[in-house]
Structure formats: structure tokens, C-alpha cells
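Novice: Sequence first, then the predicted structure:
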Amino acid sequence: MRAVPTAVKAHLREKPMFPLPTTCHICGQKYHVTAVQCGHCHTTVTGQFALGRLHQLTPEQLNFVEIFIACEGKINRVEQELNLSYPAVRSRLHEVIHALGREVGDANDNGVDMPDENRPSTNNMNNDARRQILARVSAGEISAQDAAVLLRQQTSAS
């Protein structure tokens, strides 16, 4: 039987901590952090402290972010992990982006920057064919660059 390291024993003795509440349960306004304390020596520092942007997220949004990161940002893996459709995962991702005070990028979010004259026009293209190409990118079957070529070919064939 292996010995448990001292640091692990100390961690196991610590009282469980609750998640940091971010909004007042009475009025619904955001809390301001005014004190922090060392769990070991109980040194306390008071003042006005800012929380990071991630503290603006709801517990559900934080859970989504953790899963998204664990899946290395691959939406198809997030789909499998959460048992959600691709549009549902994108919708949750957009909610998180907005909650962080950011804007969602344009429709060309695949990392391929094309000049407008080279960008495929979706007006002339069969939506099913476009979805199939995007699904192949999402599944990792083809690269974004290959998809751009296929989309251009589809557009010129229409």
C-alpha cells in the first residue's frame, strides 16, 4: 500500500468550499469582492477586488466552457459529450461569447480568411451540399482549406 503524500492529507482535511456566489440572493445585483483570506494562516486582505470575466458566467455556462476546453474546442466532440446537435452547441457557445461581452465572429469562422471575391456565395449553392461539407469539417474528415475549395467548386457548378 502506498503512503498518501502530506500535501494530499492536508488537502483532504480542508473544509469543502462552496462555489463563489456572484449575485445577491436578495436584490439580484452583482456582489463586489471586498476580502480574501489565506486558508492556511488566515491572513485577510480587504479592499475592492475585481473578479475575472469567467465569473460573469452562469454555472451552466461555466460547465459548458470546461467541456469545450476539455474537447479542445472541437464542436463535434462537444456534441457527443453533451448529446446535443451541432446548432445547439454553436448556440451555447454564442451565449457564452455574448456573456463575456464579446461579439461572435462573422460566418467565415473556419480560420480561412478569403477575400470577398473568392468567398463562396451561398445564394447559388445547394444548402444540403454546403451542410455536408461543413459536417465533414466538423467531423475532422477534411480540413477547412479543403472545404473552402469544395465550396468554391460547388458555387461555380451552380
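Specialist: Sure, I can see it. The structure displayed is predicted, hence computed values, not measured ones.
Novice: show me where the protein has helices.
Specialist: Under the criterion DSSP state H, helices of the chain are mapped to 6-13, 59-70, 75-82, 86-99, 127-138, 144-157.
Novice: Adding mean pLDDT and distance to residue 27, write these out as TSV.
Specialist: (C-beta placed from N, C-alpha, C; glycine too.) Output for the helices of the chain, formatted as TSV (pLDDT from 0 to 100; distance: least, Cβ to Cβ, whole Å):
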stretch	mean pLDDT	distance to residue 27
helix 6-13	58	36
helix 59-70	93	20
helix 75-82	92	33
helix 86-99	93	20
helix 127-138	83	43
helix 144-157	81	47
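Novice: Just put those in CSV and tack on distance to residue 24 and mean neighbour count.
Specialist: What follows is the helices of the chain, written out as CSV (distance: least, Cβ to Cβ, whole Å; neighbours: other Cβ atoms under 10 Å):
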stretch, distance to residue 24, mean neighbour count
helix 6-13, 31, 9
helix 59-70, 16, 14
helix 75-82, 30, 17
helix 86-99, 18, 15
helix 127-138, 41, 15
helix 144-157, 45, 16
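Novice: Now distance to residue 20 too, for these, in TSV please.
Specialist: Shown next, in TSV, are those (distance: least, Cβ to Cβ, whole Å):
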stretch	distance to residue 20
helix 6-13	19
helix 59-70	11
helix 75-82	24
helix 86-99	16
helix 127-138	35
helix 144-157	38
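Novice: Can you give me every residue that contacts the residue nearest the centre of the chain?
Specialist: The centroid of the chain falls nearest to residue 65 when counting by Cα atoms, centre = their mean (4.0 Å). By Cβ atoms under 8 Å, 6 or more residues apart in numbering, the contact set of residue 65 is 54, 57, 96.
Novice: Looking at those residues, which is nearest residue 21?
Specialist: Distance to residue 21 across the contacts of residue 65 (Cβ to Cβ) is lowest for residue 57, with 13.4 Å.
Novice: Check what pLDDT the closest one gets.
Specialist: With respect to pLDDT, residue 57 scores 87.
Novice: Skip the chain neighbours and tell me the closest residue to residue 43.
Specialist: Spatial nearest neighbour of residue 43, chain neighbours left out: residue 37 (6.9 Å); criterion: Cβ to Cβ, 6 or more residues apart in numbering.
Novice: Perfect, that will be all.
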